[in-house]
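**Student:** Turn this into a structure:
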Amino acid sequence: TNFVCEEEDVDMTEDAQDLLCRIAMETSLRYAIHMITTASLVCSKRKGTEVEIPDIKRVYTLFSDVKRSTQYLTEYQHEFMFSEIDAPAAATSDVPMAEA
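**Tutor:** Below you'll find the predicted structure:
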């Protein structure tokens, strides 16, 4: 992560880099790299000069990785419109058919 931070011109504490490495191992390198820039924006908003652990945690709560997105969709799939596609045919039989 140190190399990417240098390329992105982001100063980050060692603790934040360690956390980011753990996140990269559990999710994906791409997700962690995107977190660097976003955490830098969070840091700038709080007028900080160095990305710290709370900045990483804030970004982690705002943006989901693939695993958490999949878990969310699975958990709440019954609340999305596409779940109605699998509705029984009997439920749609109440709609009167147009006669030809």
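**Student:** Leaving aside the residues adjacent along the chain, what's closest to the residue most central in space within the chain?
**Tutor:** Nearest to the mean C-alpha position of the chain, by C-alpha atoms, centre = their mean, lies S64 at 1.5 Å. Distance criterion C-beta to C-beta, 6 or more residues apart in numbering; nearest residue to S64, sequence neighbours excluded, is Y72 at 6.7 Å. (C-beta placed from N, C-alpha, C; glycine too.)
**Student:** three-state assignment of the one you found?
**Tutor:** helix (DSSP: H, G, I helix; E, B strand; the rest coil).
**Student:** What distance do you get for it to Y31?
**Tutor:** 15 Å (C-beta to C-beta, to the nearest Å).
**Student:** which helices and strands sit right next to the helix or strand harbouring T37?
**Tutor:** In the assignment (DSSP states H and E), T37 maps to helix 29-45. Contacts defined by 3 or more C-beta pairs under 8 Å, 6 or more residues apart in numbering; DSSP states H and E place helix 29-45 against helix 2-7, helix 14-26, helix 53-62.
**Student:** Could you tell me the least trusted of the ones you listed?
**Tutor:** Note on those: helix 2-7 shows the lowest mean pLDDT, a mean of 64.
**Student:** which residues does the residue nearest to T37 when sequence neighbours are not counted contact?
**Tutor:** Residue nearest to T37 in three dimensions, not counting chain neighbours: E8, with 5.8 Å by C-beta to C-beta, 6+ apart. The contact partners of E8, taken as C-beta atoms under 8 Å, 6 or more residues apart in numbering, are I36, T37, S40.
**Student:** How about A16?
**Tutor:** If you count contacts by C-beta under 8 Å, 6+ apart, then A16 has A39, V51, E52, I53, D55, I56 around it.
**Student:** ok, back up a step: gap between the residue nearest to S64 and D15?
**Tutor:** 28 Å.
**Student:** And the lowest mean pLDDT element among the helices and strands of the chain?
**Tutor:** When each helix and strand of the chain is scored by mean pLDDT, DSSP states H and E, helix 89-92 comes last, with a mean of 49.
**Student:** can you pull up the bridge partners for M12?
**Tutor:** The partner list for M12 in beta bridges (DSSP bridges) reads V51.
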